[in-house]
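J.: pasted the sequence and its predicted model underneath.
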Amino acid sequence: MAGHTHFDESTEEYLEAIYRLDREGPGVTTSGLATDLGVAPASVSGMLKKLASDGYLAYVARGEAKLTERGLSVAVRVMRRHRLAECFLTDVLGMPWDEVHEEACRLEHAISARVEERLVAILGDPKFCPHGLPIPQADLSEPARIERKLADVEAGRSARIVDVAEDVPEMLRFLDEIGVRPGSIVEVALRGPLGGPLTLITSGGRHAISLELARLISVAVADVEPSLRSA
């Protein structure tokens, strides 16, 4: 089987980043892509124009970019294989969730359609990665979007953690230590004034986290659990 060229991997990484920022992030901008990919804004502008000329996206001046069906097909394939790889690394190889993102970034370009099929079969066709983020479906159907962030939850309310940003290992280790993982219930006990920290009650006790960190955590608001109130 022929391997990917450097350009192929670069194309995949750009399309994957556009997909992720459009559906799970603040939206697609030249500066946002530059930060996400660790490249200069001028490089992003040039690459977006090339991707548009190749039919992968509709590119409009001022940084707006929308994937075409051709671009969406590539982006979904790469993102799907990335998150299936994360599931394999955690569920089968037993790696901690704060280590699998970087490894999956390497694997996503090498996984073939046949290997993808085997991963789906072995893993039981998972719908979410270890960080709670949806695994895109091969039919290109759109996953449900979670708009509520932990930073927006009012004091005295509880919420179920849906997903967390996957690419900051130190953050993932800290959240794991305090009991904040997809599926866990937390209560916002206090909100600090003037953008101060949030005090959470979790299964591991009371913990303060920054508002910036809370913005990286998606939640579904729930009724307060009595067990949390007594923690």
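T.: Received the coordinates, thanks.

J.: buried set for the longest helix anywhere in the chain?
T.: Longest helix in the chain by number of residues (criterion: DSSP state H): helix 69-91. The neighbour-count check on helix 69-91 (16 or more other C-beta atoms under 10 Å) flags 71-72, 74-90 as buried. For every residue, glycine as well, the C-beta is placed using N, CA and C.

J.: all strands for the protein, in order.
T.: Using DSSP state E, the strands of the chain run over 57-60, 64-67, 158-164, 185-191, 198-202, 205-209, 217-222.

J.: for stretch 196-211, measure first residue to last.
T.: The straight-line separation of the ends of stretch 196-211 (C-alpha to C-alpha, to the nearest Å) is 7 Å.

J.: hang on, the earlier thing: pick out the shakiest of the strands of the chain, pLDDT-wise.
T.: Here the lowest mean pLDDT among the strands of the chain goes to strand 57-60, at a mean of 77.

J.: what mean pLDDT would you report for the longest helix of the chain?
T.: Averaging pLDDT along helix 69-91 yields 96.

J.: what about L72, distance to L57?
T.: 9 Å (C-beta to C-beta, to the nearest Å).

J.: cool, P169 as well?
T.: Distance of P169 to L57, computed by C-beta to C-beta: 30 Å.

J.: out of the two, which sits in the busier spot?
T.: More crowded of P169 and L57, by other C-beta atoms under 10 Å: L57, with 24 against 15.

J.: quick one: contacts for the residue nearest to that one when sequence neighbours are not counted?
T.: What sits nearest to L57 in space, not counting adjacent residues and going by C-beta to C-beta, 6 or more residues apart in numbering, is G71, at 4.7 Å. G71 is in contact with 15, 18, 51, 55-57, counting by C-beta atoms under 8 Å, 6 or more residues apart in numbering.

J.: cutoff 7 Å now
T.: Listed by C-beta atoms under 7 Å, 6 or more residues apart in numbering, the contact set of G71 reads 15, 51, 56-57.

J.: could you point out which residue ranges in the protein have low pLDDT?
T.: Residue ranges of the chain with pLDDT under 70: 1-7, 59-63, 146, 222-231.

J.: at 80 instead, please
T.: 1-7, 24-27, 59-65, 143-147, 222-231 (pLDDT under 80).

J.: hey, where'd the helices end up in it?
T.: Using DSSP H, helices in the chain cover 6-24, 30-37, 41-53, 69-91, 100-107, 113-123, 169-178, 211-214, 226-229.

J.: what's the fifth one packed up against?
T.: Helices and strands touching helix 100-107, as assessed by 3 or more C-beta pairs under 7 Å, 6 or more residues apart in numbering; DSSP states H and E, comprise helix 69-91.

J.: export the helix it packs on as CSV, just CAs?
T.: C-alpha atoms of helix 69-91 as CSV (Å, rounded to 0.1, in the frame of the first residue of the first chain):
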residue,chain,number,x,y,z
GLU,A,69,-18.2,17.6,0.5
ARG,A,70,-14.8,16.5,-0.8
GLY,A,71,-13.0,18.2,2.1
LEU,A,72,-15.5,17.0,4.6
SER,A,73,-15.0,13.4,3.5
VAL,A,74,-11.2,13.7,4.1
ALA,A,75,-11.6,15.5,7.4
VAL,A,76,-14.1,13.0,8.8
ARG,A,77,-11.9,10.1,7.8
VAL,A,78,-8.9,11.5,9.6
MET,A,79,-10.8,12.6,12.7
ARG,A,80,-12.6,9.3,12.9
ARG,A,81,-9.4,7.3,12.7
HIS,A,82,-7.7,9.6,15.2
ARG,A,83,-10.4,9.1,17.8
LEU,A,84,-10.7,5.3,17.1
ALA,A,85,-6.9,5.2,17.7
GLU,A,86,-7.4,7.0,21.0
CYS,A,87,-10.0,4.4,22.1
PHE,A,88,-7.7,1.6,21.1
LEU,A,89,-4.7,3.1,23.0
THR,A,90,-6.8,3.5,26.2
ASP,A,91,-9.2,0.5,26.1
